[in-house]
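J.: sequence below, structure please.
(chains A and B)
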Amino acid sequence: MSNDDFHPALPGNADFALPQAPAPKPLNGKRPIPMPDPPPAARRPRRAAAAAERAEVAAELAADKAETAAEKAELAAELAADKNELAAELVADKDELAEEGETAAKKAETAADAGTAADAGTAKPAPRRRARKLAPKAQAKPTITPTPTPIPDAAQIPAGQPETTPDTVDIWDQRVARGLAFLRRRLAGAYEVDDFGFDPELTDTVFHPMLRVLYRDWFRTEVFGIENVPESGGGLIVGNHSGTLALDALMLTTALHDQHPRERHLRLLGADLVFRMPVLSELARKAGATVACNPDAERLMSDGELVGVFPEGFKGIGKRFADRYKLQRFGRGGFVSAALRTGTPIVPVAIVGAEEIYPILADLKPLARLLGLPYFPVTPTFPWLGPLGLVPLPSKWLIQFCEPIPTSHLTEYADDPLVVYNLADQVRETIQATLHSLLEKRPDPFGP
Amino acid sequence: MVSSEAAAPPRVVVVTGISRFLGARVASRLAADPRIERVIGLDPHDPPPAYAGLLTDVEQIRADARAATTAIAELNAEAVVHLAVTSAPDPHHGGRAAMKEQNVIGTMQLLAAAQSATRLRKLVVRSSTAAYGASFRDPAVFTEDTEPRAVPRGSFARDILDIEGYVRGFRRRRPEVAATVLRFAPFISDTAETTLTRYFAQPVVPTVLGRDARLQFVHVDDALEILHRAVIEDHPGTFNVAGAGVLALSQAVRRAGRVAVPLPEAALSSVAALARNLGVGEIGLDQIDLFVHGRVVDTARLVKEFGFTPRSTAAAFDDFIRGHSNGSSLTADRLATAEQAILDGIRRVRAAAAGGSPDAAGSGSSGAAAGGSPDAAGSGSSGAAAGGSPDAAGSPDAAENHEAVTR
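T.: Residues are numbered from 1 along each chain as shown, chains lettered A, B, ... in the order given. Have a look, this model is predicted:
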């Protein structure tokens, strides 16, 4: 601690400018992506791809239907036939293809192409539009259409298909079909898990949507400097730890996934206590976390993953409210040597807001020792309100990613304690300075 | 150590443990190799009649490791392949005491004999990835250099640590002998019979509540290939042998179409102990440790040194599934059929509703969907019975197709 206080006098830090003045980056409010320019550009291809994919699926389906139409004698067959006609007509206008089933497929492909080429936002309604045209009611309604050709076709389509009902049903149908497909994949084990137990499908489909509610609606999180996170390749995200329960790690994961143009997953390094607990260990591994140890950190970083680490550990999340936003000791700097050994850039990140979610007024050490926990917190709500005390207070969160610190030129110093210590200290000071500037931006901890 | 270029295949090979699955197959493979003149099988037990066909070209000596001292010296053995390592106590052959006798004392005596065999050039020892122990602070992926953090609870894992300790001593005393230690992940194939394959073959599989271990397997054929190369070529050192990739325990159970029953760890331990005492099951602390901690190894060194990549864990497990399809209830096919049936049902309901009152259709269909999905989870077989088209089951895109149709 005392060393840390005198850190500017230590050699190797002379060139380090303390307050990074992160002010120029604009507050992003509730916008999902903070940067003014990149977001639309960055998101467009994604949405276009999604639209294209959807169109493709629709096409495939139509083709499939065409093949199996004869087999199904029921309503399904009728529907398929209708679809087929529709597809064929559409194709006739657009291309010269005449084969029924195959043309349907090709048509879909072209539709997909059109979707990518056209503005992403407008491409999206294309598949739904078709369904609407089939519906008796919606027929007359003009819809916004990106590609001009299909519209006249649609007008010619005979009305009164008994099958399709208004739009709401279609949305529900999609959701149900998607949900069932997801359920089936899970039950059949048809998904991939990496060496660390990370299950991307489960994380994206279940964990992130749940965390997003906390992230967006409860904590109203704002993110700055996402451009400092590497576009691709390895990175070591080092943050301050606070908040009694490690919600800051989860919110950081959500922030990176939602704000980063590449939707990167953060691979957290957790204390072994996490992996000792039965259910928690399973969830942590599936969400991409692993035990905080150098072999794992180095393996992840050399695989090009973003690794998240909180060097303060329990000292950080278990500190009392009176010590809020005071960084604790950074341990031996093992995270720095792991980054140095793999030449991975270090991105310090400051998280403001987590300190207020469960303010620790006192720490019942004997009880903690009895339960084998690192601390037993007493918050304004926790032991008193029972499980209700687990509801975090709705503080306002700010997350700032700082300039990355390159380490590729220091690879041979991975075992040099002086270099490691100085670098750890530089990271620590950066985070502390950024915390102060973020706190100035947020006068009211529970503000809007 | 012997340089790789100078090494010719050994002419006389002694294989221990030929009364067992792996030993019999390795001995038979080596005997079929024309570069090897003599293959002598050493085992205290007579091989079961089922292996008689495999062992026709193998000279068999019915002796335990104690008697092997003279045998190895008299036979002028140039290579010793030590496979007489038992992974689970066999109640018909003396239980745990006999297992330890064979694993630890047997290895000790065999290595003592090998140490005094002047012609010996090569030693290949079967080990296991259990050598890495099981601790909550373990790294997720073990390399050959990882030291176990705690002495494991399981008897097999402890035996393995002892065996590897003896091999280390042997290496010190006979540095010119190329000693290869192969740490195998659990074996699996469509026909192999191990504790784990019997475990996964049960229709209802007990697992540990709140844990989802990461598992790796190695296909028996790949293990045989690696063992063969270790004898013919020169690969001194310790190597992990496993299929790349990982299956979570729950995922493996689901892929096998079995039903997992999660039990708290303590309950599972006592149930397993009770079952063992009754002679029903054979899940021991080794398996429970594996199911709690999981075990994943890095095989980069193996692939580089042997120039051979074992098939992936998922592929090896698929082979197991093919051989054990009876007893599975929730197969992928049935699930797909159930899904199809539910979607068909929804459409039919909606069509009927649309025929009556179009406005009510929206809420009606979504309600049917919500009511239908638990069925898919609960009973795959009933869904299969209701499912109209069996070929829909084969296509994993069935759901996506439907999604698009209904648009």
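J.: Provide a list of residues in contact with the one residue in the stretch 151-300 of chain B that gets nearest to chain A.
T.: Going by C-beta to the nearest C-beta, chain A is nearest to B:Gly210 of the stretch 151-300 of chain B, at 2.9 Å. (Each C-beta comes from the backbone N, C-alpha and C, glycine too.) B:Gly210 makes contacts with A:Met277, A:Pro278, A:Val279, A:Leu280, A:Ser281, A:Glu282, B:Pro262, B:Pro264, as judged by C-beta atoms under 8 Å, 6 or more residues apart in numbering or on different chains.
J.: give me phi/psi at the first one?
T.: Listed backbone geometry of A:Met277 is phi -80, psi 130, with angles given as degrees, to the nearest 10.
J.: now do the SS call for the closest residue to it other than its chain neighbours.
T.: Of all residues not flanking A:Met277 in the chain, B:Gly210 sits nearest, at 7.7 Å (C-beta to C-beta, 6 or more residues apart in numbering or on different chains). Under the three-state scheme (DSSP: H, G, I helix; E, B strand; the rest coil), B:Gly210 adopts coil.
J.: for stretch B:334-351, what is the average pLDDT?
T.: Summarised as a single mean, pLDDT over stretch B:334-351 is 89.
J.: near chain A, anything from that stretch?
T.: Yes - using C-beta under 8 Å from any C-beta of the partner chain, we find that stretch B:334-351 touches chain A at B:Leu335, B:Ala336, B:Ala338, B:Glu339, B:Ile342, B:Leu343, B:Asp344, B:Ile346, B:Arg347, B:Arg348, B:Arg350, B:Ala351.
J.: using PDB, write down the CA coordinates of that stretch.
T.: The C-alpha trace of stretch B:334-351 is given here as PDB (Å, rounded to 0.1, in the frame of the first residue of the first chain):
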ATOM      1  CA  ARG B 334     -37.300 -38.400 -31.500                       C
ATOM      2  CA  LEU B 335     -36.800 -34.900 -30.300                       C
ATOM      3  CA  ALA B 336     -36.900 -33.600 -33.800                       C
ATOM      4  CA  THR B 337     -40.100 -35.600 -34.500                       C
ATOM      5  CA  ALA B 338     -41.700 -34.300 -31.300                       C
ATOM      6  CA  GLU B 339     -40.800 -30.800 -32.300                       C
ATOM      7  CA  GLN B 340     -42.300 -31.300 -35.700                       C
ATOM      8  CA  ALA B 341     -45.400 -32.800 -34.200                       C
ATOM      9  CA  ILE B 342     -45.900 -29.800 -31.900                       C
ATOM     10  CA  LEU B 343     -45.500 -27.400 -34.800                       C
ATOM     11  CA  ASP B 344     -47.900 -29.300 -36.900                       C
ATOM     12  CA  GLY B 345     -50.300 -29.400 -34.000                       C
ATOM     13  CA  ILE B 346     -50.100 -25.600 -33.600                       C
ATOM     14  CA  ARG B 347     -50.700 -25.100 -37.200                       C
ATOM     15  CA  ARG B 348     -53.700 -27.400 -37.200                       C
ATOM     16  CA  VAL B 349     -55.200 -25.700 -34.100                       C
ATOM     17  CA  ARG B 350     -54.600 -22.300 -35.700                       C
ATOM     18  CA  ALA B 351     -56.200 -23.400 -39.000                       C
END
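J.: go through it and flag the buried ones.
T.: Under the neighbour-count criterion of 16 or more other C-beta atoms under 10 Å in any protein chain shown, stretch B:334-351 has B:334-347, B:349-351 buried.
J.: try stretch B:28-35
T.: Across stretch B:28-35, burial judged by 16+ other C-beta under 10 Å covers B:Ser28, B:Arg29, B:Leu30, B:Ala31.
J.: how far away from the center of its chain is that stretch?
T.: 25 Å (C-alpha atoms, centre = their mean, to the nearest Å).
J.: contacts for that stretch?
T.: Residues outside stretch B:28-35 that contact it (C-beta under 8 Å, 6+ apart) are B:8-9, B:13, B:15, B:36, B:39, B:54-55, B:57-58, B:81, B:224, B:227-228, B:231-232.
J.: and if we set it to 7 Å?
T.: By C-beta atoms under 7 Å, 6 or more residues apart in numbering or on different chains, the list of residues contacting stretch B:28-35 from outside reads B:9, B:13, B:15, B:36, B:39, B:54-55, B:57-58, B:224, B:228, B:231-232.
J.: top of those by neighbour count?
T.: B:Val15 (31 neighbours; other C-beta atoms under 10 Å in any protein chain shown).
J.: helices or strands next to the helix or strand that one falls within in the packing?
T.: Per DSSP states H and E, B:Val15 falls inside strand B:12-16. Contacts defined by 3 or more C-beta pairs under 7 Å, 6 or more residues apart in numbering or on different chains; DSSP states H and E place strand B:12-16 against helix B:21-32, strand B:38-43, strand B:79-82.
J.: quick one, the first one and strand B:12-16 angle?
T.: This points to helix B:21-32. 170 degrees (axes from the mean of the first three to the mean of the last three C-alpha atoms, to 10 degrees).
J.: next, the angle strand B:38-43 makes with helix B:21-32.
T.: Helix B:21-32 and strand B:38-43 are oriented at 160 degrees to each other (the same axes, to 10 degrees).
J.: in this structure A:Thr253 contacts A:Glu263, no?
T.: No - taking contacts as C-beta atoms under 7 Å, A:Thr253 lies outside contact range of A:Glu263: 11.3 Å.
J.: neighbour count winner among these two?
T.: Neighbour totals were compared for A:Thr253 and A:Glu263, and A:Thr253 leads with 26 against 12 (other C-beta under 10 Å).
J.: starting at the chain centroid, how far to the lengthiest helix in chain B?
T.: Counting by DSSP state H, the longest helix found in chain B is helix B:332-356. Mean-position distance between helix B:332-356 and its chain equals 40 Å (C-alpha atoms, centre = their mean).
J.: what is it packed up against?
T.: Under the contact criterion of 3+ C-beta pairs under 7 Å, 6+ apart, helix B:332-356 touches helix A:75-94, helix A:167-188, helix B:358-378, helix B:380-386, helix B:391-394, helix B:398-405.
J.: could you point out the helix or strand that follows the longest one?
T.: Beyond helix A:167-188 on the C-terminal side, the first helix or strand identified by DSSP H and E is helix A:200-202.
J.: what mean pLDDT does that next one have?
T.: On average, helix A:200-202 scores 95.
J.: contacts for it?
T.: For helix A:200-202, using C-beta under 7 Å, 6+ apart, the contacting residues are A:Tyr191, A:His265, A:Lys286.
J.: and the closest residue to B:Leu54 other than its chain neighbours, how far is that from chain A?
T.: Nearest residue to B:Leu54 in three dimensions, chain neighbours excluded: B:Ser28, at 4.1 Å (C-beta to C-beta, 6+ apart). Using C-beta to the nearest C-beta, to the nearest Å, B:Ser28 is found at 34 Å from chain A.
J.: then B:Tyr51?
T.: B:Tyr51 is 34 Å from chain A, where distance means C-beta to the nearest C-beta.
J.: ok, that residue - how many residues close by?
T.: B:Tyr51: 20 neighbours (other C-beta under 10 Å).
J.: I'd say it and B:Arg25 touch.
T.: No - taking contacts as C-beta under 7 Å, B:Tyr51 lies outside contact range of B:Arg25: 8.5 Å.
J.: what sits against A:Ala339?
T.: Taking C-beta under 7 Å, 6+ apart, we find A:Ala339 in contact with A:Leu236, A:Met301, A:Ile346, A:Thr407.
J.: domain ranges for chain B?
T.: Chain B resolves into domains spanning B:12-323, B:332-369+B:385-400 when parsed by automatic domain parsing.
J.: out of these, which gets the lowest mean score?
T.: Lowest mean pLDDT within these: domain B:332-369+B:385-400, a mean of 62.
J.: who's in contact with stretch A:390-401?
T.: For stretch A:390-401, the surrounding residues in contact (C-beta under 7 Å, 6+ apart) are A:22, A:218-226, A:228-229, A:247, A:251-252, A:255, A:347, A:349-353, A:356-358, A:434, A:438, A:441-442, A:445-447.
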